[in-house]
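>>> Next input, structure requested:
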Amino acid sequence: MVCAPWLRIGILALAVCLPLAAADKAPTRAQALKALAQASADVRRAGVERLGEIGTMADADQLVARLHDEDETVRLYANASMWEIWSRSGDRAIDALYARGVQQMEMSNLPEAVATFSEIIRRKPAFAEAWNKRATIYYMMGKFELSMKDCDEVLKRNPNHFGALSGYGQIHLNQGNFEQAIVYFERALKVNPNLRGAPETILLLRRQLKERQDKTI
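Below you'll find the model as predicted:
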């Protein structure tokens, strides 16, 4: 739900990194998928970035493994590309509404943004990221129960959505439910071990839980 903004990384020379592609032609989806398993980090990185441009929801699931890549830059690209894929509905009209909703969020026009994402959900309920954006807005408005309900809808459609998982953890943290917060932060980290601050938050929550327990003895 609440995540770092998309990483904007410059485009690599894909024709060099993916030798299967013609020099004057961008790699195909199949070539990009094949690149994910190559030994060269540059090739994997180029494949990950290309999938961010043209990949499908199924491809986002393939990128989960690259969140655990030995190369840090590949991991960063994988994170960015997953967000790009998740944010495409496959419908131009819906994508235009989505862009409007994001702009409304950025301008702190939260009621208007709720209305926009609610309309997207009405028209295309399978689009998980619309639920996630509305969950984020509800969180920002302090409407935690509504936010959690929308997070549930996100995870039904996209079980690997580390944003919704960490968002759920943040809500439980704000409500003082430290045990549940730890559960969700750990689930988010299992998908994406690159989430900044999550390991430290878990350690802090464990200390606070121990302090609570010690006080009751």
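
>>> contacts and neighbour counts: CA atoms only from here.
OK.

>>> so what does the longest helix along the chain touch, helix or strand wise?
In terms of residue count, the longest helix belonging to the chain (DSSP state H) is helix 198-216. If you count contacts as 3 or more CA pairs under 8 Å, 6 or more residues apart in numbering; DSSP states H and E, helix 198-216 packs onto helix 178-191.

>>> one more time with 10 Å, if that's ok
For helix 198-216, the packing partners by 3 or more CA pairs under 10 Å, 6 or more residues apart in numbering; DSSP states H and E come out as helix 162-174, helix 178-191.

>>> how about a markdown table for those, with mean pLDDT added?
Formatted as a markdown table, the helices and strands packed on helix 198-216 follow (pLDDT from 0 to 100):
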| stretch | mean pLDDT |
| --- | --- |
| helix 162-174 | 97 |
| helix 178-191 | 97 |
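
>>> Domain ranges for this structure, per the record?
Using automatic domain parsing, the domain ranges for the chain come out as 14-86, 160-217.

>>> Distance from the longest one to the middle of the chain?
This points to domain 14-86. Chain-centre distance of domain 14-86: 16 Å, with CA atoms, centre = their mean, to the nearest Å.

>>> what is the rounded mean pLDDT of that domain?
Domain 14-86 shows a mean pLDDT of 88.

>>> just stretch 119-127 next, same as before
On average, stretch 119-127 scores 98.

>>> what do you get for stretch 135-153?
What stretch 135-153 shows for mean pLDDT is 97.

>>> now do stretch 207-217
Averaging pLDDT along stretch 207-217 gives 83.

>>> For it, which outside residues touch it?
With contact meaning CA atoms under 10 Å, 6 or more residues apart in numbering, stretch 207-217 is reached by 177-179, 201-206.

>>> I am finished for the moment; much appreciated.
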